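# what's the 3D shape of this:
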Amino acid sequence: MSVVFVNRFYWPDETATAQLLTDLAEGLAAQGRTVTVITSRPPDQSASESRRGVRILRIGSTRARGTGLAAKALDFATFFAGATARLLGAARRGDAIVALTDPPLIGAGAWLVARLRGARCFHWVQDIYPEVALALTGRPELRVLSPWRDRAWRGAAGCVTLGRSMAGVLTQAGVAPGRIRVLPNWAPAGLGPPGLDEVGALRAGWGLIGKFVVGYSGNLGRVHDLESVLRLAAALADTPEIVFLFTGGGPQRLALEEAARSRGLANVQFRPAQPRAALAASLGASDLHLVTLRPGCEDYVFPSKIYGIAAVGRPVLFLGPLGCEPARTVTAAGFGRAFSPEQVPAAAAFLRSLCAAPATGSPLRAAALRFSAAGGNAQAAAAAWDEVLANAAPPPGAAEPRPVL
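Numbers count the residues shown, from 1 in each chain. Take a look at the predicted model:
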């Protein structure tokens with residue numbers, strides 16, 4: 001059986017889903033599967049090539065990566081149209097089509113192609129739309145997209161989600177439990193604790209020697225509660241030893257920088273996204289990392305940066321709804337603390353205590369490494385996906401398999 005993945009980004013892009021998909025596609029190819037990836041075309045990349053056993057088909061589409069809704073909509077629409085057309089030509093009877101969720105609802109197009117071509121469709125649900133957009137914008141007309149998406153979920157051979165909360169959303173949409181598999185994401189392949197020299201060099205270059213660094217690494221997207229992070233930085237403005245370091249870009253980057261300047265927050269720094277080769281040092285340059293979610297988004301998104309942070313042995317401070325799955329994950333494993341947006345003063349006190357007594361962070365760092373060692377990795381993910389593809393649920397109407405949650 002050939003496997004055809006569809007996602008807007010893939011190697012050499014370094015977005016989160018690009019890295020995850022690259023690891024998984026190459027892992028499945030290494031296990032002997034025939035793997036194709038349909039993705040967008042970066043500048044200076046060929047339309048078709050092979051890399052580490054994976055055939056890559058790149059389509060022309062806008063790649064503005066703009067922060068405005070109009071730019072995003074154009075990017076999504078052009079890729080959706082091009083990818084669906086390319087998939088029609090690439091998919092064959094008996095193939096497994098695996099659709100991610102960038103752009104949102106690409107899985108619905110993949111499901112239609114699968115029906116036309118006699119292939120099986122799988123959904124790798126990284127984010128749940130339109131619910132995320134509805135939570136962020138409050139626009140009820142977005143609900144009109146849900147029935148189409150739900151039908152594609154229910155008609156799929158299988159759906160893979162990142163956590164049980166997300167799986168619950170699929171169950172509520174009518175997906176049979178036997179068609180749902182929970183497979184958490186993982187840290188980028190090869191990521192581990194960085195050397196002291198490379199961390200020291202990076203901290204020196206960024207003016208962080210002698211500081212307790214609270215990091216935020218990755219996409220500064222709208223699902224993240226960055227206003228609470230700024231309030232936390234303001235609460236610690238009288239503690240110059242503590243510095244907040246934002247590394248990455250995204251829709252909220254410019255507004256966040258302006259807000260930090262307007263509030264006179266001299267304890268906040270911004271750095272560009274770092275390449276994958278420098279990710280260990282970049283993550284290791286912080287003594288602790290922030291993970292946030294806006295209330296209302298917690299059932300539809302799981303911040304996979306948690307796994308990369310744990311892989312380099314750093315603790316997590318979660319800011320968001322206390323009962324959500326990410327908060328439970330870091331607290332149950334003992335490598336982090338969770339605070340609601342209303343508990344910013346308590347979070348500030350926690351950071352002051354770690355800064356004043358750095359040795360108290362050692363158990364948190366050790367717990368992070370234990371969590372990472374016990375969790376999944378790219379090789380385990382490929383093996384799990386191989387099982388998903390080999391033991392897919394029968395077509396709708398046939399006897400359902402036993403639940404695998």
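# pLDDT value on Ala90, please?
Looking at Ala90, its pLDDT is 95.
# Neighbours of it, how many?
Under the neighbour criterion other C-beta atoms under 10 Å, Ala90 is assigned a count of 20. (C-beta placed from N, C-alpha, C; glycine too.)
# That one reaches Phe5, doesn't it?
No. Look at Ala90 against Phe5 with C-beta atoms under 8 Å: they stay out of range, at 10.8 Å.
# quick one: common contacting residues for those two?
Residues touching both Ala90 and Phe5 (C-beta atoms under 8 Å, 6 or more residues apart in numbering): 36, 38.
# now Leu162, nearest residue through space, not along the chain?
Nearest in space to Leu162, with sequence neighbours left out and distances taken as C-beta to C-beta, 6 or more residues apart in numbering, is Phe302 at 4.1 Å.
# burial of Asp23, as a residue count?
By the measure other C-beta under 10 Å, the count of residues near Asp23 is 22.
# try Gly53
16.
# mind listing what it touches?
Residues near Gly53 by C-beta under 8 Å, 6+ apart: 26, 29-30, 35.
# Which ones among the residues you listed lie within helices?
Of the contacts of Gly53, the ones assigned to helices by DSSP state H are 26, 29-30.
# Centre-most residue in the chain?
Centroid-nearest residue in the chain: Ser304, 4.4 Å away (criterion: C-alpha atoms, centre = their mean).
# Pretty sure that residue sits against Asn185.
Yes. Ser304 is within contact range of Asn185, at 3.9 Å (criterion: C-beta under 8 Å).
# Overlap in contacts, these two.
20, 162.
# Run through the strands of the stretch 1-150 of the chain in chain order.
2-6, 34-40, 48-51, 54-59, 96-99, 120-125 (DSSP state E, counting those that start in this stretch).
# And these: which comes nearest Phe246?
strand 34-40 (26.4 Å; C-beta to C-beta).
# Which positions in that closest one come out as buried?
Going by neighbour count (16 or more other C-beta atoms under 10 Å), the buried part of strand 34-40 is 35-40.
# what about the helices in the stretch 101-250 of the chain?
106-117, 131-137, 146-154, 164-172, 196-205, 226-235 (DSSP state H, counting those that start in this stretch).
# Please disregard the earlier target; I meant the stretch 301-405 of the chain.
Secondary structure of the stretch 301-405 of the chain (DSSP H, counting those that start in this stretch): helices at 305-311, 325-332, 344-356, 362-374, 378-390.
# mind putting these in a markdown table, distance to Gly158, mean pLDDT and mean neighbour count included?
Converted to a markdown table, the helices of the stretch 301-405 of the chain look like this (distance: least, C-beta to C-beta, whole Å; pLDDT from 0 to 100; neighbours: other C-beta atoms under 10 Å):
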| stretch | distance to Gly158 | mean pLDDT | mean neighbour count |
| --- | --- | --- | --- |
| helix 305-311 | 22 | 97 | 26 |
| helix 325-332 | 21 | 97 | 20 |
| helix 344-356 | 39 | 98 | 17 |
| helix 362-374 | 25 | 97 | 17 |
| helix 378-390 | 6 | 94 | 17 |
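# Of those, which is nearest Pro251?
helix 305-311 (16.4 Å).
# Could you give the number of residues near Arg51?
15.
# For it, give me the pLDDT.
97.
# That one and Trp11 touch, don't they?
Yes. At 6.6 Å, Arg51 counts as touching Trp11 under the criterion of C-beta under 8 Å.
# so what's Thr137 up against?
Thr137 neighbours (C-beta under 8 Å, 6+ apart): none.
# Just the buried positions in stretch 250-263, please.
250-253, 256, 260.
# so where's the protein uncertain?
Within the chain, the stretches with pLDDT under 70 are 64-68, 393-405.
# rerun at 90
For the chain, the stretches with pLDDT under 90 are 1, 43-44, 60-75, 375-377, 391-405.
# Redo the buried residues of strand 34-40 as JSON lines? Include distance to Phe270.
Formatted as JSON lines, the buried residues of strand 34-40 follow (distance: C-beta to C-beta, whole Å):
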{"residue": "Val35", "distance to Phe270": "37"}
{"residue": "Thr36", "distance to Phe270": "38"}
{"residue": "Val37", "distance to Phe270": "32"}
{"residue": "Ile38", "distance to Phe270": "34"}
{"residue": "Thr39", "distance to Phe270": "29"}
{"residue": "Ser40", "distance to Phe270": "27"}
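# And those residues, which two are furthest apart?
Val35 and Ser40 (17.7 Å).
# how much space between Ala135 and Ala119?
Distance, Ala135 to Ala119, using C-beta to C-beta, to the nearest Å: 33 Å.
# Which of these two has more residues huddled nearby?
Ala119 (24 against 20).
# Which residue, other than its chain neighbours, is closest to that one?
Going by C-beta to C-beta, 6+ apart, Ala119 has Asp95 as its nearest residue, at 4.3 Å.
# and the one you found, how many neighbours does it have?
Per other C-beta under 10 Å, the neighbour tally for Asp95 reads 22.
# Likewise for Leu322?
Leu322 is flanked by 16 other residues according to other C-beta under 10 Å.
# ok, now how distant is it from Gly215?
As judged by C-beta to C-beta, Leu322 and Gly215 stand 22 Å apart.
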